[in-house]
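# Sharing a sequence plus its predicted fold:
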Amino acid sequence: MRKSRKEAAETRARIVDAASVEFRRNGIGATGLSELMAAAGLTHGGFYRHFGSKDELVAETCASAAEGLIASIATARAEPDQRGLETILGDYLSSDRRDDPSGICPFAALGGEIARSSDPVRDAATDGFRKLVDVIAAECGKTGPDAARGRALVALCTMVGALTMSR
């Protein structure tokens, strides 16, 4: 019995969510398709109905994780009396984020593996990283766009390094 497009999309999203947690918890290379499909509540055989390869899943997971991190930052900033970059730093460097595999930054958790991954995976990660830089640059105050981007790049690299070291 075939699933509707909506059901297939929901299943695909469930696989991406489960893979995101498993990859950040165990690493990309150490996570087999059987384990991640089991984490999604599915059988190994269903994987190739949704993805052409593990690399395709990794690329989609990188993009999804970066978008989730951006959404988390936006939520933290939306709280009353929050102050831009200070709020972003506080949310990103929290012990909850460090200790929760599903919430850890994909760059802090998987940076080394992403660097050795395929071009589509690195492209997805780079795109997500650039989006994060843009979010942070928007909070860099009264500087010009080039200076704000430079500060944001340094801030994000420092944040990723600090989170990696704290883990």
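Perfect, I can see it now.

# buried stuff in the helix or strand containing Thr87?
Per DSSP states H and E: Thr87 is located in helix 84-92. Across helix 84-92, burial judged by 16 or more other Cβ atoms under 10 Å covers 85, 87-89, 91-92. Just so you know, the C-beta spots here come from the backbone N, C-alpha and C atoms, and that holds for glycine as well.

# Dump the residues you listed to JSON lines, plus distance to Asp99 and pLDDT.
What follows is those, written out as JSON lines (distance: Cβ to Cβ, whole Å; pLDDT from 0 to 100):
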{"residue": "Leu85", "distance to Asp99": "23", "pLDDT": "78"}
{"residue": "Thr87", "distance to Asp99": "20", "pLDDT": "80"}
{"residue": "Ile88", "distance to Asp99": "19", "pLDDT": "82"}
{"residue": "Leu89", "distance to Asp99": "17", "pLDDT": "85"}
{"residue": "Asp91", "distance to Asp99": "14", "pLDDT": "81"}
{"residue": "Tyr92", "distance to Asp99": "13", "pLDDT": "84"}
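
# Kindly calculate the angle that the helix or strand where Leu163 lies makes with helix 84-92.
Secondary structure assignment for Leu163, by DSSP H and E: helix 145-166. Per axes from the mean of the first three to the mean of the last three Cα atoms, to 10 degrees, the angle that helix 145-166 makes with helix 84-92 is 20 degrees.

# Buried residues, helix 145-166. List them.
148-149, 151-153, 155-156, 159-160, 163-164.

# cool, stretch 66-74 as well?
For stretch 66-74, by 16+ other Cβ under 10 Å, it's 66, 68-69, 72-73.

# just those residues now: which is nearest Ala8?
For those, the residue nearest Ala8 by Cβ to Cβ is Gly68; the value is 21.4 Å.

# Distance of that closest one relative to Arg77?
Computed as Cβ to Cβ, to the nearest Å, the Gly68 to Arg77 distance reads 15 Å.

# now Glu10
For Glu10, the distance to Arg77 - Cβ to Cβ - is 29 Å.

# Which one's more surrounded, those two?
Set Glu10 next to Arg77 and count neighbours by other Cβ atoms under 10 Å: Arg77 wins out with 17 against 12.

# Can you tell me the closest non-neighbouring residue to the more buried one?
Among residues not flanking Arg77 along the chain, Thr87 sits closest, at 5.3 Å (Cβ to Cβ, 6 or more residues apart in numbering).
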